[in-house]
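> Quick one, fold the following:
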Amino acid sequence: MRPRLLTTGAAVAATLLCAAAVGLSAWVGARVPHADSSTLGGVYGVACAATGTLLAHLRPRNGIGWLLVLTGLLQGVSVGTNAYGSFGTRFAEPAWPFAPVVAQAGAMTWLPSLLLPATVLIAVYPSGRLPARWWRWPVGAVSAGLLVLTVGSSLTQGAYDDIGAGPAPVALSETWWTTAGGVAAAAAVVAGAVTIWIATVVRLVRADRPSVSSWPGWSAWSCRSWSWSSPSRPRSGPPSRSP
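Numbering: from 1, shown residues only. Coordinates of the predicted model:
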């Protein structure tokens, strides 16, 4: 019972963090209209985290709830760090503590918060587990690609300029290997996502039919289909005697 309470408490804490990010974003937006704040994005994060918390409490072994909690937490981090970093580096006098670091840390966390539900969540729905072992490859490609894109994009001056003012605390120089890494990561995300979507459509189509490898089920389905398509015929045999 105690482990379940601990996991539920962690999910509730993530939801409260998202709610705090919404409050900070609304506070910054009310005082500085041009600050980088997104209250609507925070509401999306709270909704995802709250739904995931409920699912994680009711079915802790189902990964969908925890995936929704992670999605909401990433969006909440994005909204909260953007509001804190934007106001703390551009408008606060004096500047807020660690505002540049906070601004850069959450600069690109919005990306996985939008793509994870559209890819990994579809792959594990509705059981919370992958349908087969080979699904690990596209899901792993999407996850690894998103990690590289999120971290690599956050460590650029361009991503920091969208939120904070001044030089970024850490800025990767634009070289051939950083460009190649970004292209490879983006290609992995696209390939994995397309594979997941196509495999999901195939799985849904097959769910309406019996498996081809199951001979009795396939035979029954074929006979039923033939009986539906063929016209009705009179029953053969000796004619019945009239009274």
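> And the pLDDT at the residue nearest to the spatial centre of the chain?
When Cα atoms, centre = their mean is applied to the chain, the residue found nearest the centroid is residue 116 (1.9 Å). In this model, residue 116 is scored at 95, pLDDT.
> That one against residue 145, yeah?
No: Residue 116 is beyond contact range of residue 145, at 11.6 Å (criterion: Cβ atoms under 8 Å). For glycine as for every other residue, the C-beta is placed from the backbone atoms N, C-alpha and C.
> for the chain, what spans make up the helices?
In the chain, the helices defined using DSSP state H lie at 2-31, 39-58, 63-90, 99-105, 110-124, 136-154, 157-161, 176-207, 215-229.
> Same list (these) but as JSON lines, adding distance to residue 167.
JSON lines is the format used below for the helices of the chain (distance: least, Cβ to Cβ, whole Å):
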{"stretch": "helix 2-31", "distance to residue 167": "22"}
{"stretch": "helix 39-58", "distance to residue 167": "26"}
{"stretch": "helix 63-90", "distance to residue 167": "11"}
{"stretch": "helix 99-105", "distance to residue 167": "8"}
{"stretch": "helix 110-124", "distance to residue 167": "22"}
{"stretch": "helix 136-154", "distance to residue 167": "15"}
{"stretch": "helix 157-161", "distance to residue 167": "7"}
{"stretch": "helix 176-207", "distance to residue 167": "18"}
{"stretch": "helix 215-229", "distance to residue 167": "65"}
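> Could you identify which of those is most buried?
Of all the helices of the chain, helix 63-90 has the most neighbours on average by mean count of other Cβ atoms under 10 Å, namely a mean of 25.
> Packing partners of that one?
On a contact count with 3 or more Cβ pairs under 8 Å, 6 or more residues apart in numbering; DSSP states H and E, helix 63-90 meets helix 2-31, helix 39-58, helix 99-105, helix 110-124.
> From residue 57, how far out is the residue lying closest to residue 58 once chain neighbours are set aside?
Nearest-residue entry for residue 58: residue 65, 7.8 Å, with adjacent residues in sequence omitted and distances by Cβ to Cβ, 6 or more residues apart in numbering. Counting by Cβ to Cβ, to the nearest Å, the gap from residue 65 to residue 57 is 8 Å.
> anything in contact with each of the two?
residue 11 (Cβ atoms under 8 Å, 6 or more residues apart in numbering).
> For the closest residue to residue 70 other than its chain neighbours, list the residues it contacts.
In space, and not counting its chain neighbours, residue 70 is closest to residue 116: 7.0 Å by Cβ to Cβ, 6+ apart. By Cβ under 8 Å, 6+ apart, the contact set of residue 116 is 67, 70, 71, 74, 146.
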